[in-house]
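J.: model this:
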Amino acid sequence: MFDDMKDWLAGLMKASLQGFDEMLADAADVLANGLGDWDTVLAISNTLKPFCYVIIGICLLIEFAQVASRVDIIKWEHGLKMGVKMVLAKVCIDIAPDFLKACYVQAQEWVTSLASFNSTLGTTAYTSIEDILAETTGLGAILGLFLSSFIVLMAVKICGIMVQVIAYGRMFEIYVYLVVSPVPCAFFPLGGGDGAGISRVTSKFFKAFAAVCLQGVMMVIVMRIFDVIIGNALITVLAAAASEGDAATAVTNVIYTMLLGSIVLVMSIVKSGQWAKSILDAN
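T.: Sure, this is the predicted structure:
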């Protein structure tokens, strides 16, 4: 029974710590390779175009009304400006997917070059714990380790799941932006009410999409920084554990270090979107 409990505890630690590495690897793979087929998503976007042409007409009428309320006589220059903006709005709708794809592809190249690594912190932590656990004797010691580590190990695994969820969510967000791209482009004619300028809705949309692309790059950077900082912290903890010789303290210190790093990683991943928007002034 004692050996079975020890094996079960070792299996739990392995599943949580090595599983954390696998979750980070999956998140990095999603960020680097994307989800599904771009053209399939683009086909959904094309169904919005007829509706967007109506929006262009409405925006031109609004812009015309604003110009008429500001000037006594509507000159041909005003009509020319609005006519050019109508043409540009149509062009913007047509070329928006290509522009978005160019931003996406460039971001993917950066992500791919940065994601060419595999985090092994969980495996390193488990290997050290496995050696300590093998030398642990006594039912009380095993129960103590279980009680002190079970919740922490589950929290580490949940942090890994959260990183995966955010990575998948970022890809869904990119595809949603692609699908709805004709709508903000249709607001292109709305300017400052004098027939000139473009809509803030359109410019902000492109900034926001670029920020989401940049977010993927920052997420991979955060994961690499996590690997370096927490890796050094684990080395220090393992060195201290080797000198102390207390199995319970050593195991607890290792998994709590992993939990600390995991929480900081998740918080940084969550903030990466806000950081990217701040850099590109897309807030």
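
J.: what residues are up against A15?
T.: A15 sits next to K157 when contact means Cβ atoms under 8 Å, 6 or more residues apart in numbering. Where you see a C-beta, it was placed from the backbone N, CA and C, and this is true even at glycine.

J.: identify the residue nearest Y256 in space, chain neighbours excluded?
T.: V152 (6.2 Å; Cβ to Cβ, 6 or more residues apart in numbering).

J.: element containing that neighbour?
T.: For V152, the element it lies in under DSSP states H and E is helix 139-180.

J.: how close does G57 sit to G261?
T.: Going from G57 to G261 by Cβ to Cβ, to the nearest Å gives 55 Å.

J.: those two - which one has more neighbours?
T.: More neighbours surround G261 than the other of G57 and G261, with 22 against 13 (other Cβ atoms under 10 Å).

J.: ok, now how distant is the closest residue to that one other than its chain neighbours from G19?
T.: Once flanking residues are discounted, G261 sits nearest to I230: 3.4 Å by Cβ to Cβ, 6+ apart. Applying Cβ to Cβ, the value for I230 to G19 is 16 Å.

J.: neighbour count winner among these two?
T.: Each of I230 and G19 has its neighbours counted (other Cβ under 10 Å); I230 has more, 22 against 17.

J.: next up, phi/psi of S119, please.
T.: Note on S119: backbone dihedrals following degrees, to the nearest 10 are phi -70, psi 130.

J.: list the contacts of the residue nearest to G261.
T.: Contacts of I230 were listed using Cβ under 8 Å, 6+ apart, and they are 121, 257-258, 260-261, 265.

J.: what's the answer for M154, then?
T.: Going by Cβ under 8 Å, 6+ apart, M154 touches S16.

J.: tell me how far it lies from L178.
T.: Relative to L178, M154 is positioned 37 Å away (Cβ to Cβ).

J.: one step back: helix or strand for the residue nearest to G261, which one?
T.: For I230, the element it lies in under DSSP H and E is helix 200-244.

J.: please apply the same query to V111.
T.: Assigned by DSSP H and E, V111 falls in helix 76-114.

J.: tell me which residues are up against the helix or strand following the helix holding V152.
T.: Per DSSP H and E, the first helix or strand lying C-terminal to helix 139-180 is helix 182-186. Helix 182-186 is contacted by residues 45, 48-49, 51-53, 55-56, 59, 89, 92-93, 96, 199, 201-202, 204-205 when judged by Cβ under 8 Å, 6+ apart.

J.: which one is K207 nearest to, not counting chain neighbours?
T.: In space, K207 is closest to A282, 3.8 Å off (Cβ to Cβ, 6+ apart).

J.: I'd say the one you found and L214 touch.
T.: No: using Cβ atoms under 8 Å, A282 is not in contact with L214; the gap is 9.3 Å.

J.: who's more crowded, the two?
T.: L214 (23 against 19).

J.: tell me where the model's unsure across the stretch 1-150 of the chain.
T.: For the stretch 1-150 of the chain, applying pLDDT under 70 flags the ranges 1-6, 8, 35-36, 67-80, 117, 131-144, 146-148.

J.: over to the stretch 151-283 of the chain?
T.: By pLDDT under 70, the low-scoring segments of the stretch 151-283 of the chain are 191-198, 241-248.

J.: can you tell me how far E63 is from A28?
T.: From E63 to A28 the distance is 46 Å (Cβ to Cβ).

J.: over to S203?
T.: Distance, S203 to A28, using Cβ to Cβ: 32 Å.

J.: with G11 instead?
T.: Taking Cβ to Cβ, one finds G11 at 26 Å from A28.

J.: and those two? which has more neighbours close in?
T.: Between G11 and A28, A28 has the larger neighbour count (other Cβ under 10 Å), namely 25 against 10.

J.: ok, now how distant is the more buried one from V222?
T.: Counting by Cβ to Cβ, the separation of A28 from V222 is 11 Å.

J.: return the set of buried residues in the helix or strand where D29 lies.
T.: Counting by DSSP H and E, the element that carries D29 is helix 2-33. Buried residues in helix 2-33, defined by neighbour count with 16 or more other Cβ atoms under 10 Å: 6, 9, 12-14, 16-25, 27-28, 30-32.

J.: check stretch 59-67 too.
T.: For stretch 59-67, a neighbour-count test (16+ other Cβ under 10 Å) marks 59-60, 63-64, 66-67 as buried.
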